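Engineer: quick one, what's the 3D model for this:
(one chain, ligands or ions: 1)
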Amino acid sequence: MENILEKEENHAFVSKSGYKTDLSGIRKSISPHLFKSNFLKAILYMGVAIGFYVLCLTILAVTFAYNLWYLYPLAWFIGGTGVTSMFVLGHDCAHSSFFKSNRWNDFWGHIALLVPLYPYYAWKYSHNAHHKQTNLLEMNPKDIYYDNAWIPLTVRQYSALNRMRPSKARTYRLGRLFPPFGAFMHNILTHFYPEKFNESQRQKVIFSYITLGSSMLLISSILYFVTNSIFAILHFYILPALFFSFWMSLYTYQHHTSTEMDFYNKEEWNSYKGQILSTFNSLSPKWFSLLHLNIDIHTPHHISTAIPSYHLREAYNELKRSEYSEDIQEGKFNFSYYYTQIKNCHIWDEKKNQYIKFSDI
Ligand SMILES: [Zn+2]
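Structural biologist: Have a look, this model is predicted:
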């Protein structure tokens, strides 16, 4: 990957396109119509997400019907790949960008997030915090209103946790070394504690719990009624949702977490550093990117969450042709790069402004 950032003597990253602190300029480099929803494109993309998920369910059904047990793990992985498309659809709805109508966004968002087992409103509120404060080092595990997507513990925080709550430090270590577990735990610990949400939002969060819980019961009952097998509930529903954690971790981890990214304290942080300089586009082949509704193209999504997934590619092409192109970080996705990052991105050393490994502490 080409590292286009340079470090100053004080280790703060500076933009190659000059000193910038906010997004007002870079927003203007994207055509206004790309910030608006488009009903026909939305229906088309929804068809892609649902169609691909149904195809994955069909593969699960064939392995189940013919009892091809040796293919089950592969089928669950393929199922998880389909679940990811539904999740990305729910992600767009949570940003109220997919459809013009907020009611439609919230309705389809709830439906889409039933599949990966996420409570819609809880996800919407915690994810908004990630967008507001991307890569800001303000970690407070009791509060979901900070950037909660793979923000590393600092050396001081990790040492204190290791001393006072060793089991939590172990969970943190396992989540960093095996990101699918980290993504799974993030869903449980961030979204299923209603007391973590502001009172004004709690009622909606509880509504999403009830919707998710009752739908899970209904889907499980239908699966049992049709197949007469409890295993079918795991095979068609729960295991693909767990395998989805692989894709969830892969995308979210790569977007802002790598040795090339920087994290900032409150005094240093500004939206240009957080949203532009600390966002990486790990590009997949186009056909695969379409199946996951362009989730690999990430910088435009951090410039404005109003840009729907079906406009991300066009917005990205405009950015690449703009005066800001030097600040856009991209690379072709490859597993060895991802593996290297998992090996190195453990704890944040605030003094050196870089990651250190667990073994270095
Ligand atoms: Zn988002």
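Engineer: okay, buried residues for stretch 328-342 please.
Structural biologist: Ile328, Gln329, Glu330, Gly331, Phe333, Tyr338, Gln341, Ile342 (16 or more other CB atoms under 10 Å). For glycine as for every other residue, the C-beta is placed from the backbone atoms N, C-alpha and C.
Engineer: following the lengthiest helix in the chain, which helix or strand shows up next?
Structural biologist: In the chain, taking DSSP state H as the definition, the longest helix is helix 199-227. Per DSSP states H and E, helix 199-227 leads on to helix 231-233 as the next helix or strand towards the C-terminus.
Engineer: what angle separates the following helix or strand past that next one from helix 199-227?
Structural biologist: Once helix 231-233 ends, the next helix or strand along the chain (criterion: DSSP H and E) is helix 239-256. Counting by axes from the mean of the first three to the mean of the last three CA atoms, to 10 degrees, helix 239-256 points 140 degrees away from the direction of helix 199-227.
Engineer: residues in contact with helix 239-256?
Structural biologist: 56, 60, 76-77, 79-84, 87, 115-117, 134-135, 149-150, 179-184, 278-280, 282, 292, 295-296, 298, 333, 338, 341-342 (CB atoms under 8 Å, 6 or more residues apart in numbering).
Engineer: and the gap between Asn353 and Asn135?
Structural biologist: Between Asn353 and Asn135 the computed distance is 12 Å (CB to CB, to the nearest Å).
Engineer: okay, these two: which has more neighbours?
Structural biologist: Using other CB atoms under 10 Å, the more surrounded residue of Asn353 and Asn135 is Asn135, with 23 against 17.
Engineer: can you redo the buried residues of stretch 328-342 as CSV with pLDDT, distance to Tyr72 and secondary structure?
Structural biologist: CSV is the format used below for the buried residues of stretch 328-342 (pLDDT from 0 to 100; distance: CB to CB, whole Å; DSSP: H, G, I helix; E, B strand; the rest coil):
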residue, pLDDT, distance to Tyr72, secondary structure
Ile328, 95, 41, coil
Gln329, 92, 38, strand
Glu330, 94, 36, strand
Gly331, 92, 34, strand
Phe333, 90, 26, coil
Tyr338, 89, 25, helix
Gln341, 91, 30, helix
Ile342, 94, 26, helix
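Engineer: closest one of the residues you listed to Glu268?
Structural biologist: For those, the residue nearest Glu268 by CB to CB is Gln329; the value is 18.7 Å.
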